[in-house]
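Novice: I would like to see how this sequence folds:
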Amino acid sequence: MDPRETANSRQFVTFSEKRPLEDAGQRLKRVRERLGLRYREVEQASLSIAQRRQNDEFAIALSRLADIENKGTVPTIYRLYSLCAIYRLDFVEVLQWYGVDVSDLPSEASRIELESTHVLNFATSGHGSIAVPLALDPGLDLRRTTHLSRLIQRWGTLPLMLLNGIDPRSHRYGFIGTEDWSMYPLLSPGSLVMIDETKRKIAAQSWNTEFERPIFFFEHRDGYACSWCTLQPGQVILQPHPASMAASQIFAYPNEIDIIGQVTGVAMRLDQGRKRRVRSAGP
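Specialist: Sure, this is the predicted structure:
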């Protein structure tokens, strides 16, 4: 291969990679100019932020600001914070200018399989949007089992901040590890569960079926667990589903384990063939 061709290819890729960053810098420049701020004024404002924060990383020197605007230099999170404060910009929106969309974090995480059960610590900030059906087939009969996707005539997007009927403050979300079979078949490995943090009391009560028995999400010294439980003086017994063949676990309570909340919702795949293949691959 011609060395000149290789060099040109590298130059083209580098130019393409830099374009979004340069565009973001130019957008910041346009905001500054609309506000009528000079470099020196931005520098002084950032110095005051750095002084209040007692951290020099928030300061933006004149040369650095010029590089951010004109050379595609990516600001640190501290300098980006200062610019957003000075320019009255939303931090999350400016991150999108640099190609970082925080609303994609949960979907990115869902593509990375973790064997252990864990809590999803993504905050529901109201940023981003979701796809929702805008028009349904008028012949839809909700009394019958239906392939709903085929009856949705038009999709649109809805900003998350408009979902006022959902209260994320009292709920968290957990992921059942891909090798956690303790509550199978009620909760399959890889399931996403909704946890109500307001329901943390383990009550001694009767239930008619296993579906009525409350399932709790726990944090203990080795990680997380999701199972039925029984509370005894000074200890809690985690009880898996009998069909899972998993063993019960006993923890000193509350010294060794914490109750995060009760599982009140679940989303899981019903791919039984895959589950059998995964289980048979074990020792």
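Novice: Please name the residues that touch Leu270.
Specialist: Ser188 (CB atoms under 8 Å, 6 or more residues apart in numbering). Using the backbone N, CA and C atoms, a C-beta is placed for each residue, glycine as well.
Novice: switch to 10 Å and redo it
Specialist: Listed by CB atoms under 10 Å, 6 or more residues apart in numbering, the contact set of Leu270 reads Pro185, Ser188.
Novice: The closest residue to Asp180 other than its chain neighbours: neighbouring residues, count only.
Specialist: Among residues not flanking Asp180 along the chain, Thr117 sits closest, at 4.6 Å (CB to CB, 6 or more residues apart in numbering). Residues near Thr117, counting by other CB atoms under 10 Å, number 26.
Novice: where along the stretch 51-200 of the chain do the strands fall?
Specialist: 118-120, 129-136, 152-159, 171-175, 192-196 (DSSP state E, counting those that start in this stretch).
Novice: does the residue nearest to Ile86 when sequence neighbours are not counted count as helix, strand or coil?
Specialist: The shortest distance from Ile86 to any non-neighbouring residue, by CB to CB, 6+ apart, is to Ala45 (4.7 Å). Of the three states, Ala45 takes helix under DSSP: H, G, I helix; E, B strand; the rest coil.
Novice: residue ranges with poor pLDDT in this structure?
Specialist: 1-22, 123-170, 271-283 (pLDDT under 70).
Novice: quick one, domains of it?
Specialist: 3-97, 168-280 (automatic domain parsing).
Novice: nearest to Ile112, of those?
Specialist: domain 168-280 (10.4 Å; CB to CB).
Novice: circling back to that earlier point, OK, contacts around the residue nearest to Ile86?
Specialist: Ala45 makes contact with Leu37, Ala59, Ile60, Ser82, Leu83, Ala85, Ile86, Tyr87 under the criterion CB under 10 Å, 6+ apart.
Novice: again, but for Leu89
Specialist: Leu89 touches Arg27, Leu28, Val31, Leu80, Leu83, Trp97, counting by CB under 10 Å, 6+ apart.
Novice: Equivalent analysis for Ile202, please.
Specialist: Neighbour list for Ile202: Pro214, Phe216, Trp228, Cys229, Thr230, Leu231, Val236, Tyr253, Ile259, Gln262 [criterion: CB under 10 Å, 6+ apart].
Novice: 6 Å - rerun?
Specialist: By CB atoms under 6 Å, 6 or more residues apart in numbering, Ile202 lies in contact with Cys229, Leu231.
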